[in-house]
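*Asks:* Okay, sequence plus prediction incoming.
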Amino acid sequence: MTITKSTMCIGLVACVLLWSCDDNDDASFDPSIRVNPLTITNIEPSSALVGSTITIRGTNFSTTPKDNVVAFTGLNGVVNGVVTVSSSNSITATVPSGAITGVVTVTTNREETSGADFTVTYPAPTITSVSETSAVEGAVIVVMGTNFSPLASENKVKINGSENISVSTATTTSITFTIPSGTPVGTAPIIVSVQGVEVIGPDFTLLEAVTVTVPINESSDDVEEALIGDEVGEMSLGSGDLEIGEIDGAGTPDFGLPNIGLRFNEIAIPNGAVISSASIQFTADNDGSDPVEMTIFGENIGNAPTYTDTNGNLSARTLTMANAVWNIPEWVTEGDKSEAQKTVDISSIIQEIVNRSDWTSGNSLNIIMKPSGASLNVTSTSAGREAETFDGDAAPELIITFLK
């Protein structure tokens, strides 16, 4: 066999090709690795107002602006900016309405990449109104204005030099927050900051809620007065219980259906204080489930005197205009002292009394309860409710919460 130069050249080329097609070389090939990947290297500026123009720098962008999709973070997904100019390494776009602080992404030819967070800024905020000018801890306050961030975490509130109070919900025109425990009491302008830019609003007063509990402390201060029957006007002082909406069978003849008088002493509430809640807490002396209705008044005087056994001493007293109707729920067990034994709110009655010019902190006040509705027609000694007294096992208590 004759070996020619041509044959030798063909063999040499074949060897080279076999050597270059080694299996290990095939395993190292990754088609997902692009020579020129899509990237964002920086965004200039890194923060801007809605409507501003920004420049995104990177690699492998389309030179046709419409082929680049620039997406900003929004409250409910993403919002796209308008791309006005593009090259392979830069994109010029506007910050769209609805954008909030967050990631910016670019999508080109079905490939997506993201850069660092971009901060959407806002013009200086303004405050136009506040839902409350005074409140207590735990109150929910709404501030109305302009240029708030719709991202709640970017808005902060200060009251009386407090630390920043977090906002729970926000739009560009309103923010809502709850006054936290420990906020200093007093009056000062409310301050709102958006991304660190502060605006000073109207004065806001944080009030302290003070609760006082005052029990009956004299035998002559929880009394009954006969309303109907042969003994009308007769006073009963020092009884072991109060017959609320039922016939008092004591005496001969029966004492009858009574009005109830309750005097509370040394009420430490300033003149004109704002009363936020008030009620009387009784303790059950017996069970009872029949319908009972009592209308509650106060004695319209700045410092109420104690009751006497003079006939008609209770009904002769001037009543407040404010009143409250108490439809008493079932009392289940003797000795119960819970919500069922607590009157409806009587804050309007207390407010009328402490607003009087002759009211002074430390004075006494009277609460007068009169049968009404279904209770006016009772004929039974067990149709209503029986409550303990000062001379019984548990004196009634007046509970008042006021603001200062």
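*Replies:* Great, that's in hand.
*Asks:* hey, let's count contacts and neighbours off CA atoms from now on
*Replies:* Will do.
*Asks:* ok, which stretches of the chain are helices?
*Replies:* Using DSSP state H, the helices of the chain run over 5-20, 23-27, 347-354.
*Asks:* quick check: mean pLDDT across the first one?
*Replies:* Taken as a whole, helix 5-20 carries a mean pLDDT of 45.
*Asks:* cool, and the shortest one?
*Replies:* For helix 23-27, mean pLDDT is 47.
*Asks:* Please apply the same query to the last one.
*Replies:* pLDDT averaged over helix 347-354 equals 98, rounded to a whole number.
*Asks:* Who are the packing partners of that helix?
*Replies:* strand 274-281, strand 293-298 (3 or more C-alpha pairs under 8 Å, 6 or more residues apart in numbering; DSSP states H and E).
*Asks:* Kindly recompute the last result at 7 Å.
*Replies:* Where contact means 3 or more C-alpha pairs under 7 Å, 6 or more residues apart in numbering; DSSP states H and E, helix 347-354 is packed against strand 274-281.
*Asks:* who does the strand it packs on touch, helix- and strand-wise?
*Replies:* Counting by 3+ C-alpha pairs under 7 Å, 6+ apart, strand 274-281 packs on helix 347-354, strand 397-403.
*Asks:* show me the contacts for residue 384.
*Replies:* By C-alpha atoms under 7 Å, 6 or more residues apart in numbering, the contact list for residue 384 reads 244, 245, 246, 288, 290, 292.
*Asks:* Once you drop chain neighbours, what's closest to residue 239?
*Replies:* Of all residues not flanking residue 239 in the chain, residue 391 sits nearest, at 6.4 Å (C-alpha to C-alpha, 6 or more residues apart in numbering).
*Asks:* How about residue 50?
*Replies:* Nearest to residue 50 is residue 95, by C-alpha to C-alpha, 6+ apart, at 5.0 Å.
*Asks:* what does residue 83 give?
*Replies:* residue 93 (4.3 Å).
*Asks:* My understanding was that the one you found contacts residue 82; is that so?
*Replies:* Yes. Using C-alpha atoms under 7 Å, residue 93 is in contact with residue 82, at 5.3 Å.
*Asks:* ok, those two, which is more surrounded?
*Replies:* Legend: neighbour count by other C-alpha atoms under 10 Å for residue 93 and residue 82, higher for residue 93 (23 against 19).
*Asks:* quick one: contacts for residue 49?
*Replies:* Contacts of residue 49 by C-alpha under 7 Å, 6+ apart are 120, 121, 122.
*Asks:* ok, 8 Å please
*Replies:* 95, 120, 121, 122, 123 (C-alpha atoms under 8 Å, 6 or more residues apart in numbering).
*Asks:* Tell me the most packed of the residues you listed, by neighbour count.
*Replies:* Busiest of the contacts of residue 49 [other C-alpha under 10 Å] is residue 95, holding 24 neighbours.
*Asks:* mind checking how far that one is from residue 79?
*Replies:* Distance, residue 95 to residue 79, using C-alpha to C-alpha, to the nearest Å: 9 Å.
*Asks:* Cool, thanks, talk later.
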